[in-house]
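*Asks:* give me a model of this one.
(4 chains)
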Protein chains: 2
Amino acid sequence: MTTSTDSDHLLDLLKASGARITKPRRVIVRILAEKGDQHPDAMDIFRRAVKEDSRISLPTVYRTLKVLEEQGAIQRHAFSDGRSRYEPAAGEHHDHLIDMETGDVIEFHSEKIERLQEEIAAELGYDIVHHRLELYGRKRKKKQS
Amino acid sequence: MTTSTDSDHLLDLLKASGARITKPRRVIVRILAEKGDQHPDAMDIFRRAVKEDSRISLPTVYRTLKVLEEQGAIQRHAFSDGRSRYEPAAGEHHDHLIDMETGDVIEFHSEKIERLQEEIAAELGYDIVHHRLELYGRKRKKKQS
DNA sequence: TATGCAAATGCAAATTATTTGCAATAAGCA
DNA sequence: TGCTTATTGCAAATAATTTGCATTTGCATA
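*Replies:* This is a model prediction of the structure:
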(Lines give C-alpha, C1' and ligand atoms only; values in the text may rest on other atoms or scores of the structure.)
Protein backbone atom coordinates (compact mmCIF):
# COMPACT_ATOMS: atom_id res chain seq x y z
CA MET A 1 0.00 0.00 0.00
CA THR A 2 0.97 3.55 -0.51
CA THR A 3 1.21 6.13 2.22
CA SER A 4 -2.45 6.57 2.91
CA THR A 5 -1.82 9.42 5.30
CA ASP A 6 -1.43 12.20 2.76
CA SER A 7 -4.23 10.72 0.77
CA ASP A 8 -6.46 10.76 3.82
CA HIS A 9 -5.60 14.35 4.47
CA LEU A 10 -6.77 15.31 1.02
CA LEU A 11 -9.96 13.34 1.54
CA ASP A 12 -10.54 15.15 4.78
CA LEU A 13 -10.24 18.48 3.05
CA LEU A 14 -12.71 17.32 0.45
CA LYS A 15 -15.12 16.09 3.05
CA ALA A 16 -14.78 19.30 5.03
CA SER A 17 -15.92 21.22 1.99
CA GLY A 18 -19.09 19.22 1.87
CA ALA A 19 -18.07 17.13 -1.10
CA ARG A 20 -18.94 13.47 -1.37
CA ILE A 21 -16.18 10.94 -1.20
CA THR A 22 -16.68 8.90 -4.31
CA LYS A 23 -14.63 6.06 -5.62
CA PRO A 24 -13.10 8.09 -8.47
CA ARG A 25 -12.10 10.80 -6.04
CA ARG A 26 -10.52 8.28 -3.74
CA VAL A 27 -8.42 6.99 -6.60
CA ILE A 28 -7.43 10.42 -7.89
CA VAL A 29 -6.53 11.67 -4.45
CA ARG A 30 -4.44 8.59 -3.84
CA ILE A 31 -2.53 9.23 -7.05
CA LEU A 32 -1.92 12.84 -6.11
CA ALA A 33 -0.56 11.75 -2.77
CA GLU A 34 1.87 9.31 -4.34
CA LYS A 35 5.47 10.27 -3.86
CA GLY A 36 6.54 9.26 -7.35
CA ASP A 37 6.41 11.51 -10.35
CA GLN A 38 5.88 15.07 -9.15
CA HIS A 39 3.76 17.56 -11.03
CA PRO A 40 1.60 15.25 -13.09
CA ASP A 41 -0.78 16.85 -15.53
CA ALA A 42 -4.43 15.92 -15.87
CA MET A 43 -3.70 13.30 -18.50
CA ASP A 44 -0.98 11.68 -16.40
CA ILE A 45 -3.39 11.40 -13.53
CA PHE A 46 -6.11 10.10 -15.77
CA ARG A 47 -3.89 7.39 -17.20
CA ARG A 48 -2.88 6.21 -13.78
CA ALA A 49 -6.40 6.41 -12.48
CA VAL A 50 -7.72 4.26 -15.26
CA LYS A 51 -5.36 1.52 -14.21
CA GLU A 52 -6.98 1.41 -10.81
CA ASP A 53 -10.51 1.82 -12.02
CA SER A 54 -11.05 1.54 -15.73
CA ARG A 55 -14.26 3.51 -15.79
CA ILE A 56 -12.89 6.77 -14.44
CA SER A 57 -13.19 9.51 -17.06
CA LEU A 58 -11.01 12.45 -17.95
CA PRO A 59 -13.73 15.00 -17.15
CA THR A 60 -13.98 13.55 -13.68
CA VAL A 61 -10.26 13.97 -13.24
CA TYR A 62 -10.53 17.61 -14.26
CA ARG A 63 -13.53 18.19 -12.05
CA THR A 64 -11.91 16.59 -9.06
CA LEU A 65 -8.74 18.57 -9.56
CA LYS A 66 -10.76 21.73 -9.70
CA VAL A 67 -12.53 20.97 -6.44
CA LEU A 68 -9.27 20.10 -4.74
CA GLU A 69 -7.69 23.27 -5.99
CA GLU A 70 -10.57 25.39 -4.77
CA GLN A 71 -10.18 23.72 -1.41
CA GLY A 72 -6.53 24.66 -1.41
CA ALA A 73 -5.69 20.98 -1.14
CA ILE A 74 -3.56 21.00 -4.26
CA GLN A 75 -1.81 23.60 -6.34
CA ARG A 76 -2.07 24.10 -10.04
CA HIS A 77 1.05 25.20 -11.85
CA ALA A 78 0.76 26.69 -15.29
CA PHE A 79 3.87 25.76 -17.15
CA SER A 80 4.53 27.28 -20.52
CA ASP A 81 4.01 23.97 -22.25
CA GLY A 82 0.32 24.62 -22.37
CA ARG A 83 -1.05 22.22 -19.85
CA SER A 84 -1.46 22.52 -16.11
CA ARG A 85 0.37 20.36 -13.63
CA TYR A 86 -0.76 19.61 -10.14
CA GLU A 87 0.75 18.80 -6.80
CA PRO A 88 -0.48 18.52 -3.27
CA ALA A 89 -0.05 21.77 -1.38
CA ALA A 90 2.91 20.84 0.75
CA GLY A 91 4.93 21.86 3.75
CA GLU A 92 6.27 25.27 4.49
CA HIS A 93 9.37 27.24 3.83
CA HIS A 94 9.76 30.92 3.37
CA ASP A 95 11.98 33.62 2.05
CA HIS A 96 12.45 37.18 3.20
CA LEU A 97 11.59 40.62 2.08
CA ILE A 98 13.49 43.24 4.04
CA ASP A 99 12.11 46.72 4.38
CA MET A 100 15.15 48.93 3.88
CA GLU A 101 13.70 51.81 5.79
CA THR A 102 12.32 50.15 8.88
CA GLY A 103 14.30 46.95 8.87
CA ASP A 104 11.07 45.01 9.05
CA VAL A 105 11.33 41.47 7.80
CA ILE A 106 8.39 40.09 5.94
CA GLU A 107 8.15 36.41 5.27
CA PHE A 108 6.80 35.15 2.03
CA HIS A 109 6.75 32.00 0.06
CA SER A 110 6.40 31.40 -3.64
CA GLU A 111 6.10 27.94 -4.98
CA LYS A 112 6.74 29.40 -8.40
CA ILE A 113 10.12 30.74 -7.38
CA GLU A 114 11.04 27.54 -5.60
CA ARG A 115 10.24 25.65 -8.72
CA LEU A 116 12.10 27.99 -11.01
CA GLN A 117 15.15 27.71 -8.84
CA GLU A 118 15.02 23.97 -9.20
CA GLU A 119 14.64 24.26 -12.93
CA ILE A 120 17.58 26.58 -13.20
CA ALA A 121 19.78 24.40 -11.03
CA ALA A 122 18.72 21.38 -13.03
CA GLU A 123 19.68 23.07 -16.26
CA LEU A 124 23.09 23.71 -14.78
CA GLY A 125 23.28 20.07 -13.71
CA TYR A 126 22.62 20.56 -10.03
CA ASP A 127 20.19 19.52 -7.35
CA ILE A 128 19.38 22.25 -4.87
CA VAL A 129 20.04 21.42 -1.25
CA HIS A 130 18.92 24.76 0.08
CA HIS A 131 18.83 28.34 -0.93
CA ARG A 132 18.55 31.85 0.30
CA LEU A 133 16.45 34.50 -1.28
CA GLU A 134 16.31 37.98 0.14
CA LEU A 135 14.53 40.88 -1.40
CA TYR A 136 15.47 44.35 -0.27
CA GLY A 137 12.97 47.03 -0.98
CA ARG A 138 11.00 49.99 0.15
CA LYS A 139 7.35 50.41 0.68
CA ARG A 140 5.65 51.38 -2.52
CA LYS A 141 4.29 54.88 -2.51
CA LYS A 142 0.74 54.18 -3.33
CA LYS A 143 -0.19 55.75 -6.62
CA GLN A 144 -3.57 54.11 -6.72
CA SER A 145 -5.41 52.72 -3.79
CA MET B 1 5.49 58.80 -33.09
CA THR B 2 5.80 56.50 -30.16
CA THR B 3 9.08 55.62 -28.49
CA SER B 4 10.66 53.93 -31.43
CA THR B 5 13.78 53.02 -29.48
CA ASP B 6 12.57 49.90 -27.75
CA SER B 7 10.76 48.91 -30.84
CA ASP B 8 13.93 49.30 -32.87
CA HIS B 9 15.83 47.19 -30.41
CA LEU B 10 13.40 44.35 -30.89
CA LEU B 11 13.67 44.74 -34.64
CA ASP B 12 17.44 44.58 -34.37
CA LEU B 13 17.21 41.34 -32.45
CA LEU B 14 14.92 39.97 -35.10
CA LYS B 15 17.20 41.06 -37.88
CA ALA B 16 20.21 39.62 -36.08
CA SER B 17 18.54 36.25 -36.06
CA GLY B 18 18.26 36.34 -39.80
CA ALA B 19 14.55 37.04 -39.84
CA ARG B 20 12.96 39.36 -42.32
CA ILE B 21 11.49 42.62 -41.18
CA THR B 22 7.99 42.53 -42.53
CA LYS B 23 5.25 45.00 -42.07
CA PRO B 24 3.25 42.80 -39.69
CA ARG B 25 6.34 42.25 -37.58
CA ARG B 26 7.01 45.95 -37.45
CA VAL B 27 3.51 46.54 -36.15
CA ILE B 28 3.60 43.72 -33.61
CA VAL B 29 6.98 44.73 -32.30
CA ARG B 30 5.81 48.30 -31.95
CA ILE B 31 2.85 47.16 -29.89
CA LEU B 32 5.06 45.06 -27.67
CA ALA B 33 7.31 48.03 -27.07
CA GLU B 34 4.43 50.25 -26.04
CA LYS B 35 4.57 51.26 -22.43
CA GLY B 36 0.85 50.92 -21.88
CA ASP B 37 -0.87 47.74 -20.83
CA GLN B 38 1.79 45.26 -19.67
CA HIS B 39 1.53 41.54 -20.29
CA PRO B 40 -0.83 41.49 -23.26
CA ASP B 41 -1.88 38.10 -24.56
CA ALA B 42 -1.84 37.10 -28.20
CA MET B 43 -5.41 38.23 -28.75
CA ASP B 44 -4.75 41.63 -27.17
CA ILE B 45 -1.83 42.11 -29.48
CA PHE B 46 -3.80 40.92 -32.45
CA ARG B 47 -6.64 43.32 -31.77
CA ARG B 48 -4.29 46.25 -31.52
CA ALA B 49 -2.34 45.16 -34.54
CA VAL B 50 -5.45 44.98 -36.68
CA LYS B 51 -6.11 48.62 -35.93
CA GLU B 52 -2.81 49.55 -37.47
CA ASP B 53 -2.99 47.15 -40.35
CA SER B 54 -6.28 45.43 -40.90
CA ARG B 55 -4.86 42.48 -42.76
CA ILE B 56 -2.60 41.16 -40.04
CA SER B 57 -3.75 37.72 -38.95
CA LEU B 58 -3.77 35.97 -35.60
CA PRO B 59 -1.46 33.18 -36.78
CA THR B 60 1.08 35.79 -37.76
CA VAL B 61 0.88 37.28 -34.31
CA TYR B 62 1.54 33.88 -32.79
CA ARG B 63 4.34 33.13 -35.19
CA THR B 64 6.01 36.46 -34.58
CA LEU B 65 5.72 36.07 -30.84
CA LYS B 66 7.34 32.68 -31.11
CA VAL B 67 10.26 34.00 -33.10
CA LEU B 68 10.76 36.87 -30.69
CA GLU B 69 10.63 34.53 -27.75
CA GLU B 70 13.18 32.18 -29.29
CA GLN B 71 15.39 35.19 -29.82
CA GLY B 72 15.05 36.04 -26.17
CA ALA B 73 13.61 39.38 -27.19
CA ILE B 74 10.41 38.86 -25.26
CA GLN B 75 9.27 36.61 -22.51
CA ARG B 76 6.23 34.42 -22.41
CA HIS B 77 4.46 34.08 -19.10
CA ALA B 78 2.11 31.20 -18.60
CA PHE B 79 -0.50 32.42 -16.21
CA SER B 80 -2.99 29.97 -14.83
CA ASP B 81 -5.80 31.52 -16.78
CA GLY B 82 -4.97 29.38 -19.75
CA ARG B 83 -3.44 31.83 -22.15
CA SER B 84 0.08 33.16 -22.46
CA ARG B 85 1.03 36.74 -21.92
CA TYR B 86 4.06 38.46 -23.36
CA GLU B 87 6.43 41.24 -22.49
CA PRO B 88 9.74 42.58 -23.75
CA ALA B 89 12.73 41.17 -21.89
CA ALA B 90 14.71 43.64 -19.81
CA GLY B 91 18.22 44.35 -18.48
CA GLU B 92 21.04 42.36 -16.88
CA HIS B 93 21.96 41.00 -13.50
CA HIS B 94 22.94 37.62 -12.18
CA ASP B 95 22.54 35.32 -9.21
CA HIS B 96 24.68 32.52 -7.84
CA LEU B 97 24.64 28.79 -7.66
CA ILE B 98 27.18 27.48 -5.19
CA ASP B 99 28.56 23.99 -5.55
CA MET B 100 28.59 22.68 -1.99
CA GLU B 101 31.30 20.16 -2.69
CA THR B 102 33.83 22.18 -4.62
CA GLY B 103 32.85 25.66 -3.62
CA ASP B 104 32.58 26.61 -7.26
CA VAL B 105 30.38 29.58 -7.91
CA ILE B 106 28.30 29.51 -11.02
CA GLU B 107 26.60 32.64 -12.24
CA PHE B 108 23.22 32.46 -13.77
CA HIS B 109 20.43 34.77 -14.64
CA SER B 110 16.75 34.18 -14.97
CA GLU B 111 14.49 36.91 -16.13
CA LYS B 112 11.63 34.77 -14.97
CA ILE B 113 12.85 34.78 -11.40
CA GLU B 114 13.58 38.48 -11.46
CA ARG B 115 10.10 39.11 -12.63
CA LEU B 116 8.53 36.82 -10.09
CA GLN B 117 10.40 38.54 -7.32
CA GLU B 118 9.01 41.84 -8.47
CA GLU B 119 5.54 40.42 -8.60
CA ILE B 120 5.84 39.06 -5.10
CA ALA B 121 7.24 42.28 -3.71
CA ALA B 122 4.51 44.21 -5.47
CA GLU B 123 1.87 42.00 -3.92
CA LEU B 124 3.35 42.80 -0.54
CA GLY B 125 3.34 46.49 -1.40
CA TYR B 126 7.03 46.90 -2.06
CA ASP B 127 9.39 47.93 -4.81
CA ILE B 128 12.58 45.90 -4.94
CA VAL B 129 15.80 47.86 -4.71
CA HIS B 130 18.06 44.85 -4.91
CA HIS B 131 18.08 41.25 -3.92
CA ARG B 132 20.25 38.27 -3.26
CA LEU B 133 19.53 34.81 -4.50
CA GLU B 134 21.89 31.98 -3.75
CA LEU B 135 21.29 28.40 -4.56
CA TYR B 136 23.31 25.79 -2.76
CA GLY B 137 23.47 22.43 -4.41
CA ARG B 138 25.46 19.47 -5.48
CA LYS B 139 26.21 18.21 -8.90
CA ARG B 140 23.46 15.95 -10.04
CA LYS B 141 24.48 12.32 -10.10
CA LYS B 142 23.27 11.31 -13.45
CA LYS B 143 20.88 8.59 -12.64
CA GLN B 144 17.24 7.60 -12.92
CA SER B 145 15.20 7.30 -16.09
C1' DT C 1 16.13 49.74 -60.21
C1' DA C 2 14.52 45.21 -61.75
C1' DT C 3 14.36 40.12 -60.65
C1' DG C 4 14.23 35.61 -58.31
C1' DC C 5 13.73 32.81 -54.52
C1' DA C 6 13.11 31.63 -49.92
C1' DA C 7 10.82 33.39 -45.96
C1' DA C 8 6.51 35.10 -44.25
C1' DT C 9 1.59 35.76 -44.66
C1' DG C 10 -3.47 34.84 -44.60
C1' DC C 11 -7.00 31.66 -44.61
C1' DA C 12 -9.13 27.60 -43.18
C1' DA C 13 -8.81 23.61 -40.96
C1' DA C 14 -6.39 20.83 -37.39
C1' DT C 15 -4.63 20.15 -32.67
C1' DT C 16 -4.46 20.22 -27.80
C1' DA C 17 -6.16 21.19 -23.32
C1' DT C 18 -10.11 21.81 -20.74
C1' DT C 19 -15.09 22.44 -19.99
C1' DT C 20 -20.07 21.56 -20.24
C1' DG C 21 -24.96 19.46 -21.08
C1' DC C 22 -27.49 15.74 -19.83
C1' DA C 23 -29.22 11.30 -18.51
C1' DA C 24 -27.76 7.60 -15.52
C1' DT C 25 -25.59 6.36 -11.10
C1' DA C 26 -24.30 6.28 -6.48
C1' DA C 27 -23.02 8.88 -1.83
C1' DG C 28 -24.70 9.25 2.60
C1' DC C 29 -28.34 10.89 5.66
C1' DA C 30 -33.19 9.86 7.59
C1' DT D 1 -33.32 0.47 3.12
C1' DG D 2 -35.01 4.34 0.47
C1' DC D 3 -34.55 9.06 -1.10
C1' DT D 4 -32.48 13.20 -2.63
C1' DT D 5 -29.00 15.27 -4.93
C1' DA D 6 -24.10 15.47 -5.91
C1' DT D 7 -21.24 13.19 -9.08
C1' DT D 8 -20.20 10.50 -13.07
C1' DG D 9 -19.45 9.15 -18.01
C1' DC D 10 -20.17 10.21 -22.56
C1' DA D 11 -20.29 13.11 -26.36
C1' DA D 12 -20.05 17.42 -27.95
C1' DA D 13 -18.56 22.27 -27.16
C1' DT D 14 -14.96 25.77 -26.17
C1' DA D 15 -10.66 28.18 -26.08
C1' DA D 16 -5.98 28.72 -27.19
C1' DT D 17 -2.59 27.85 -30.33
C1' DT D 18 -0.65 25.57 -34.42
C1' DT D 19 -0.27 23.95 -39.17
C1' DG D 20 -0.90 23.04 -44.45
C1' DC D 21 -0.80 25.34 -48.43
C1' DA D 22 -1.17 28.65 -52.08
C1' DT D 23 0.03 33.50 -52.46
C1' DT D 24 2.65 37.52 -51.32
C1' DT D 25 6.72 40.02 -50.16
C1' DG D 26 11.41 41.14 -48.19
C1' DC D 27 15.68 41.75 -49.71
C1' DA D 28 20.08 40.10 -51.74
C1' DT D 29 21.89 40.34 -56.17
C1' DA D 30 22.42 41.56 -60.98
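*Asks:* just the pLDDT at A:D104, thanks.
*Replies:* If you check A:D104, the pLDDT there is 67.
*Asks:* partner strands of the least confident helix or strand in chain A by mean pLDDT, with direction?
*Replies:* Lowest mean confidence among the helices and strands of chain A (mean pLDDT, DSSP states H and E): strand A:105-108, at a mean of 77. Here strand A:105-108 has these sheet partners by DSSP bridges: strand A:95-99 (antiparallel).
*Asks:* name the residues that touch the partner strand?
*Replies:* A:104-110, A:113, A:132-139, B:120-121, B:124, B:126 (CB atoms under 8 Å, 6 or more residues apart in numbering or on different chains). Backbone N, C-alpha and C define where each C-beta goes, glycine included.
*Asks:* also stretch A:45-52?
*Replies:* Against stretch A:45-52 from outside (CB under 8 Å, 6+ apart): A:24, A:27-28, A:30-32, A:40, A:56-58, A:61, A:65, A:86.
*Asks:* cool, stretch A:108-125 as well?
*Replies:* Under CB under 8 Å, 6+ apart, the answer for stretch A:108-125 is A:75, A:77, A:92-97, A:127-128, A:131, A:133, B:97, B:106, B:108, B:110, B:112-113, B:116-117, B:120, B:124, B:133, B:135, B:137, B:139-140.
*Asks:* is the lengthiest strand in chain A in proximity to chain B?
*Replies:* Secondary structure assigned by DSSP state E gives strand A:126-139 as the longest strand of chain A. Yes: judged by CB under 8 Å from any CB of the partner chain, strand A:126-139 and chain B are in contact via A:126-139.
*Asks:* what's the closest non-adjacent residue to A:D6?
*Replies:* A:A33 (3.8 Å; CB to CB, 6 or more residues apart in numbering or on different chains).
*Asks:* what score does the one you found have for pLDDT?
*Replies:* A:A33 is given a pLDDT of 90.
*Asks:* what's the burial count for it?
*Replies:* 19 (other CB atoms under 10 Å in any protein chain shown).
*Asks:* before we move on, what about A:R26?
*Replies:* Neighbours of A:R26 using other CB under 10 Å come to 17.
*Asks:* can you check A:S17 too?
*Replies:* A:S17 has 13 nearby residues by other CB under 10 Å.
*Asks:* who are the contact partners of it?
*Replies:* Counted by CB under 8 Å, 6+ apart, A:S17 has contacts A:V67, A:E70, A:Q71.
*Asks:* does any part of the helix or strand where the first one lies sit near DNA strand C?
*Replies:* When secondary structure is defined using DSSP states H and E, the element that contains A:V67 is helix A:58-70. Yes: counting by CB under 7 Å from any atom of the strand, DNA strand C is contacted by helix A:58-70 at A:L58, A:P59, A:Y62, A:R63, A:K66.
*Asks:* just these now: which is nearest B:K15?
*Replies:* A:Y62 (43.8 Å; CB to CB).
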